[in-house]
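**Student:** Starting from these lines, generate the structure:
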Amino acid sequence: MTSYAARLLYFLLAVGFINFSVNAQTISGTVKDSKTGEPMPFANVFINNTTIGSTTDEQGNYSISGKFSRTVELVASFVGYETSTKTLNISGATKANFSLNPLESILSEVELKSRRDKKWERDLRRFKEVFLAVPDDPFSSQLEIKNPWVLDFETVKENGPNYVHATAQAPLQIANNALGYDVTYYLTDYRFYNNRSSYLGFVFFSPQDISDSTALATLDANKETSYIGSIRHLFKSILLSNVAEENFEIYELDKSSMLRERTNVYHEELGKSIKLLDGDSIQRIPLENGNYRIVWPFEAEIHYKNKTWWNDYYTDLYHPISWITAPLGYFDIDRNGVPVMPSQVVLSGYMGRARMGRFLPYDFMPSETFEKYLAEVDTSLQQITRWNNLRERPYFSTNKPYYYPGETVWLGGEMLYQNKIMSDSLSRVLYVDLMDKNAKIIQSETFPIKGGKISGALVLPKELQSGDYFLRAYTEWMRNFPEQDIFLRAVPILKKEENVTAVPISNPDLFGDLTISMMDTIYNRDSYKEMKIDLSFLDETEELTDAHFTLSLTDADLVSTIGDSPSIISAMEWLDKSPSPTNFSLSNHQIEYGITVDGQFKSDKKRDPVINPITIVRDDLADYGIVKTDSSGYFRATGLFFTDTATISIAAMDSKQRHYGSVTVNEKTKPLFVGSYPKLNYQTYQRQDDGLKFDISGDYVLLEEFVKEDEKIETMEDRNYGYGPSDREISGDKLATISPEALAGQLGFKNGWKTIGNYNFGLKASNPLLIIDGAQYPFLDNESFDILISTFIPAELESIKVYTFNSASFGMAGFGGVIMITTKKGQRTKPGKDNAFNSSEFQQFHIRGFSPEIAFPDNYENEDPVEIKPTLYWNANAETDGGTYFFKVKIPQALKRMNLRVEGLTKDGLAFEKTFEIDVK
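**Tutor:** Prediction:
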């Protein structure tokens, strides 16, 4: 007998012994109150994750009989008491007594708050998707949490990423009508991150009383379908050495191949990035407690070949694909293939879809002849969910509610996303049109979206007639979706001799969820006053909480309030709306990551290739890139970043740098306006000549936060070579100790650093732009990129910074993201010399870029008197630090009254707006 056969025989004998030893067993004991020692009748005692349980009698005694694993987790619970658990090693009759501790506070009447309910309902909807079933699972309509009001949600911010945490003041009562169970779930932990989720708890299953034979057959089919191809099915097949017989294939991911760009073709990757494993080669170690340790030191890709399944990973496979890793290099399972510690296993792909709605009790035993598989995905729901997840919508407020011809309109706000996880993959360009009541476009502006934030300004034409106007805001990508997603904001334009009759200020009730406090301090100077304003934000627990918001300070005698203006609070209701799509096609209007140029290439020779490289150059090599046409000659380049108008040179170049063919550039189109325009209700009156004051850009005096003297002079390196803050960074001692895998995981690198997280979703992008000690290395091919990256050792680096959200300023070179590396040795390599650009081979076009930035000038050093102006201070992107924010501003000596308006979101996503009335003394 070979050594392998001997080991296998020993293993099978061990499994057989374990199975033999789990004949009928009995667990009994008592449940008492820990404080009084009194027995507790009608307490629930059950084996976790099973249908096996009992209740105590009048003396607090219980007895449970059945076939148990060698090790079980026994749970005892009673309303108003802490749930208690014991891990038992079963051998014959087993005794287990419990003493339950009373809870200090029990569930009280829930106070209904309409504002709070909306946020809570959004959290509950997400909880159901994470906990019960994914939205496209047909089971989702057959699952119900009977007592959702026991759930409470909070956003937690620790050293790592924020997450939503849920607690339950009582066990969740769940009706699973798809599997035929009433489930009692004792939630102990729930965490939702933007890229992963987890939940833990104790579960007891009660079979529903169903007698209809047709309904029972459907339930059995649902149970079998949920089991087949599941993680439990896989692990049991590994345990019994019949992986191939159960139609599983296990592949080890080859980390050494990650330097090459992985394709989506299975037969191309087989033997390169994935290698087929023999299921019998996986080490299984019997443990003394009756469980088994599976040694899993690799990242594995799992194929289950006995089901047909769509997947968006391989183009030539049509069955479920999953990925499994074990952070500890192993995991423990029981004899039925159930993970003893779920946290030892990390799932993604098909197996990662499973939620509580498909969770089967551990004592469920599948049929060995089952062949009727039911649908596991509602394709219509799946399509709607994916469509809805890609929706975005802008919201912004303005520095005041109405304007006069020639004034400057400052605006600020943010993008709202139906699925915030997709935010780094969606639009970076916002179009804003000023339109009259006849939907005629008066002027158009283009603003960059930076980190999901919006800010900009536009100067109204001096000859503009008074009347009702509105701003329309949208992205090119939004044009694939219903017109209702386009944001509209009314902007009344008054005659210069008019003003609006003010209405009393009415602040929305925040229901105690948030308290915004303001304190002002005035310093008298010779020719002006200096005001310092402090803001603090307290949550419902009276703890300081961070927020981001727009802030406008206006002269209350010059700027009147108008009722029923739109706000971020009403804008957030869009997140709860999911219209029925009439067209799932998203190809008509593409995502823009910067100024976009697209057009058509026309060949002048029959021998020209079908696919042609198009070289695009901005001005005198200020930015450049190469894109390829499709077979029809269409080309598109996005990611350009410039203001005003630039000269764009375009040509198809051959190997000798001579142009061939010709190109035309498509003109930008505007969406048709559909529907009615927004209008505010207000009354006007004639104002006196001495009250004619206007907001003209360039006339503002603004004092920013205090600046300490003798500050350290920032180097170019400190300022990230002028490119602004990065999205992610690792520096210092951490680089000396971090592993390559952990480094890639923390910074979101994939494919040998050539892919950064979800960035450039659905688009073919160049490799990330490398900046090494300030020197740029754009448009590297795969080989050059790999060679350059391989020369660095993390311990020899000062820092690695990654730009995705904030990559727009890098132009087309940063379209695929930016990796900025600073070495300890300083600039060790020098960029190549710039070559003079010869435009003679190119066709040239004048393309409009982003609108010029119109900022408040800082005239604090100027001691001249401060003139009376309508808007005294404006900040489109204010952010608290530790829950507080302050600013200082010069104000005129004659100023009497001011209004301070703040509007935004807390770090927990709670929308707020508030206007403070300030009397200047």
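**Student:** Only the buried residues of the helix or strand hosting Phe202, if you could.
**Tutor:** Take DSSP states H and E as the rule and Phe202 turns out to sit in strand 197-207. Residues 197, 199, 201-205 are the ones in strand 197-207 that count as buried (16 or more other Cβ atoms under 10 Å). Any C-beta I mention is one placed from the backbone N, CA and C, and that applies to glycine too.
**Student:** now swap in stretch 587-598 and tell me
**Tutor:** Here stretch 587-598 shows 589-597 as buried, counting by 16+ other Cβ under 10 Å.
**Student:** tell me the mean pLDDT for that stretch?
**Tutor:** The pLDDT scores in stretch 587-598 average 90.
**Student:** residues in contact with that stretch?
**Tutor:** For stretch 587-598, the surrounding residues in contact (Cβ atoms under 8 Å, 6 or more residues apart in numbering) are 425-429, 446, 448, 475-480, 616, 634-642, 648, 650, 665-666, 760-763, 807-808, 811-812, 815, 845, 847, 849-850.
**Student:** now swap in stretch 200-207 and tell me
**Tutor:** 44, 46, 48-51, 53, 73, 75, 77, 83, 85, 180-190, 342-343, 359, 361.
**Student:** can you give me the offset of that stretch from its chain's centre?
**Tutor:** 30 Å (Cα atoms, centre = their mean, to the nearest Å).
**Student:** was I right about His319 contacting Tyr313?
**Tutor:** No. Contact criterion Cβ atoms under 8 Å: His319 and Tyr313 do not qualify, at 11.3 Å.
**Student:** More neighbours: those two, which one.
**Tutor:** His319 (18 against 12; other Cβ atoms under 10 Å).
**Student:** Would you mind measuring from the more buried one to Arg262?
**Tutor:** Separation of His319 from Arg262 (Cβ to Cβ, to the nearest Å): 19 Å.
**Student:** now swap in Gly451 and tell me
**Tutor:** Distance from Gly451 to Arg262, by Cβ to Cβ: 29 Å.
**Student:** doesn't Gly639 fall inside a strand?
**Tutor:** Yes. According to DSSP: H, G, I helix; E, B strand; the rest coil, Gly639 belongs to a strand.
**Student:** For it, grab the count of nearby residues.
**Tutor:** 25.
**Student:** now the helices for this structure?
**Tutor:** Under the criterion DSSP state H, the chain contains helices at 3-20, 114-131, 213-227, 231-239, 266-269, 379-389, 568-571, 733-737, 740-747, 782-790.
**Student:** Quick one: distance of the second one to the chain centre.
**Tutor:** In terms of Cα atoms, centre = their mean, the gap separating the centre of helix 114-131 from the centre of its chain is 16 Å.
**Student:** Contacts for it, please.
**Tutor:** In contact with helix 114-131 (Cβ under 8 Å, 6+ apart) are residues 135, 140, 143, 145, 148, 151, 153, 164, 166, 190, 192, 197, 199, 355-356, 508-511, 513, 569, 572-573, 575-576, 908-910.
**Student:** just for the stretch 51-200 of the chain, where's the confidence low?
**Tutor:** Where the stretch 51-200 of the chain drops to pLDDT under 70, the residues are 105-116, 159-162, 194-195.
**Student:** quick one on the thing from earlier: got a quick PyMOL command for the buried subset of the contacts of stretch 200-207?
**Tutor:** Remark: buried members of those, expressed as a PyMOL selection using 16+ other Cβ under 10 Å:
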select buried, resi 44+46+48+49+50+51+53+73+75+77+83+180+181+182+183+184+185+186+187+190+359+361
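**Student:** Which one of the buried residues of strand 197-207 is nearest to Asp520?
**Tutor:** Ser197 (43.9 Å; Cβ to Cβ).
**Student:** show me the residues around that closest one that make contact.
**Tutor:** Applying Cβ under 8 Å, 6+ apart, the residues contacting Ser197 are 130, 190-191.
**Student:** One more: Ser63?
**Tutor:** 26-28, 54.
**Student:** redo that, cut-off 10 Å
**Tutor:** 26-29, 45, 54, 56-57, 93 (Cβ atoms under 10 Å, 6 or more residues apart in numbering).
**Student:** same question, Ile333
**Tutor:** 231-232, 235-236, 238-239, 284, 291-294, 339-341, 344-345.
**Student:** are any of the contacts of Ser63 buried, and which?
**Tutor:** Using 16+ other Cβ under 10 Å, the buried members of those are 27-29, 45, 54, 56.
**Student:** pLDDT below threshold where in the stretch 201-350 of the chain?
**Tutor:** Using pLDDT under 70, the stretch 201-350 of the chain drops low at 257-261, 311-312.
**Student:** Could you do the stretch 451-600 of the chain as well?
**Tutor:** For the stretch 451-600 of the chain, the ranges with pLDDT under 70 are 541, 582.
**Student:** now with 90?
**Tutor:** 451, 509-513, 522-530, 539-543, 563-566, 575-588 (pLDDT under 90).
**Student:** beta partners of Ala878?
**Tutor:** Phe549 (DSSP bridges).
**Student:** thought it was touching Gly413?
**Tutor:** No. Here Ala878 does not reach Gly413: they are 11.9 Å apart, not a contact under Cβ atoms under 10 Å.
**Student:** Who has more neighbours out of those two?
**Tutor:** Gly413 (27 against 17).
**Student:** Leaving out sequence neighbours, find the closest residue to that one.
**Tutor:** Nearest non-adjacent residue to Gly413, counting by Cβ to Cβ, 6 or more residues apart in numbering: Phe396, 3.0 Å away.
**Student:** who's in contact with the one you found?
**Tutor:** 410-415, 430, 432, 447, 453-456, 471, 473, 487, 489, 550, 566, 568, 571, 876, 903 are the contacts of Phe396 under Cβ under 10 Å, 6+ apart.
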